[in-house]
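What would the 3D arrangement of this be:
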Amino acid sequence: MAVVTMKQLLDSGVHFGHQTRRWNPKMKRYILTERNGIYIIDLQQTLSYIDRAYEFVRETVAHGGTIMFVGTKKQAQEAIAEEAGRVNMPYVNQRWLGGMLTNFQTVHKRLQRLKELESMEQTGGFEGRTKKEILMLTREKDKLEKTLGGIRDMSKVPSAVWVVDTKKEHIAVGEARKLGIPVVSILDTNCDPDEVDFPIPGNDDAIRSAALLTKVIARAAADGLMARSARSGGRDGAEGKPEVGSDEPLPEWEQDLLANGGEVGSDGASLSAAGAATEAPNAASAAAPATTSNGTQSAN
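All right, here's what the predicted structure looks like:
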């Protein structure tokens, strides 16, 4: 069964690269042709690389690993938060804080502070303080929630990182590479493929493209969670969620996965449609309807 179909890739504008004057020569092998000053990515290769990345993510999660979803550009923020949340994986969709991986001990202390402030707010810990003190504590909590809310339950560095736009997220990619953490990412025509362990050639600027490929990775994580649950007799592995004891029942999000047969989202079934299109895409004819959704690619 195909993870995603050629039609879905075309409809989402995954095949559109950057302008020919803004490219990385190392991406030449992933480019099919050029149309009207825009590089067209070879989607046949994209399909193959999607299968490879999908299998890696599935196996990583199945063996107790976690995938951190990273995408702070506006086009990716919503998809990153939504898809990572569906499979209970950590994510960063606002500003990447330097040292989030390489200095995780310090970041973990800030996470503890966030939980402390939330507990104070919920249990009446703010009572008896002046309005100024309450305002300062509330602002501190809100700031921590915005920057660290997506990784609040992360107790150690992730097993792999999913990145939308390696050029914008170069700090995150650099930290992951320094720690030997595999990087799975969309590779647009202006990216450096040497920085990514599991590349997916495609458009990282269009909202629909980023959303589709992020959904694919989330689906791989969901399949991995299913395999992990089956292997552990219906209970989550110790590495996946350290805060939950091995003798506790499955959380609601995992029960939903089991009930839905591993599908992610109401339209998740479309990602498992059988068979990819057998004919190569006609880039020239496909360009017209998808250009509107992609828009002019902004400079990084």
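
bridging residues for the residue nearest the centre of the chain?
By CA atoms, centre = their mean, the chain has its centre lying nearest to Phe69, at 3.3 Å. Note on Phe69: beta-bridge partners Tyr91, Trp162, judged by DSSP bridges.

So it sits against Glu83, correct?
Yes. Phe69 is within contact range of Glu83, at 6.7 Å (criterion: CB atoms under 8 Å). (Glycine included, C-beta is placed from N, CA and C.)

which residues are common contacts for those two?
Common neighbours of Phe69 and Glu83, counting by CB atoms under 8 Å, 6 or more residues apart in numbering, are Thr214, Ile217, Ala218.

which one of those has the most neighbours?
Counting neighbours by other CB atoms under 10 Å, Ile217 leads the shared contacts of Phe69 and Glu83 with 30 neighbours.

Per-residue pLDDT of the residue nearest to the centre of the chain, please?
With respect to pLDDT, Phe69 scores 98.

likewise His170?
For His170, pLDDT reads 96.

if I look at it, how far off is Glu145?
As judged by CB to CB, to the nearest Å, His170 and Glu145 stand 25 Å apart.

Below-threshold pLDDT in the chain: ranges please.
1, 234-300 (pLDDT under 70).

that older thread, which ones among the shared contacts of Phe69 and Glu83 are found in helices?
The helices, defined by DSSP state H, take in Thr214, Ile217, Ala218 from the shared contacts of Phe69 and Glu83.

Spatially, what comes nearest to Cys212 if we skip its sequence neighbours?
One correction, residue 212 is Leu, not Cys. Ser12 (4.5 Å; CB to CB, 6 or more residues apart in numbering).

and that neighbour, how many neighbours?
With other CB under 10 Å as criterion, Ser12 counts 23.

Pop out the phi and psi values for the closest residue to Ile31 other than its chain neighbours.
Closest residue to Ile31 apart from its sequence neighbours, by CB to CB, 6+ apart: Tyr39 at 5.0 Å. The phi and psi values for Tyr39, taken as degrees, to the nearest 10, are phi -80, psi 140.

What's the separation between Tyr39 and Val164?
On the measure of CB to CB, Tyr39 and Val164 end up 19 Å apart.

can you pull the contacts of Val61?
With contacts defined as CB under 8 Å, 6+ apart, Val61 is in contact with Ile67, Ser159, Ala220, Ala221, Asp223, Gly224, Leu225, Ala227, Arg228, Gly240.
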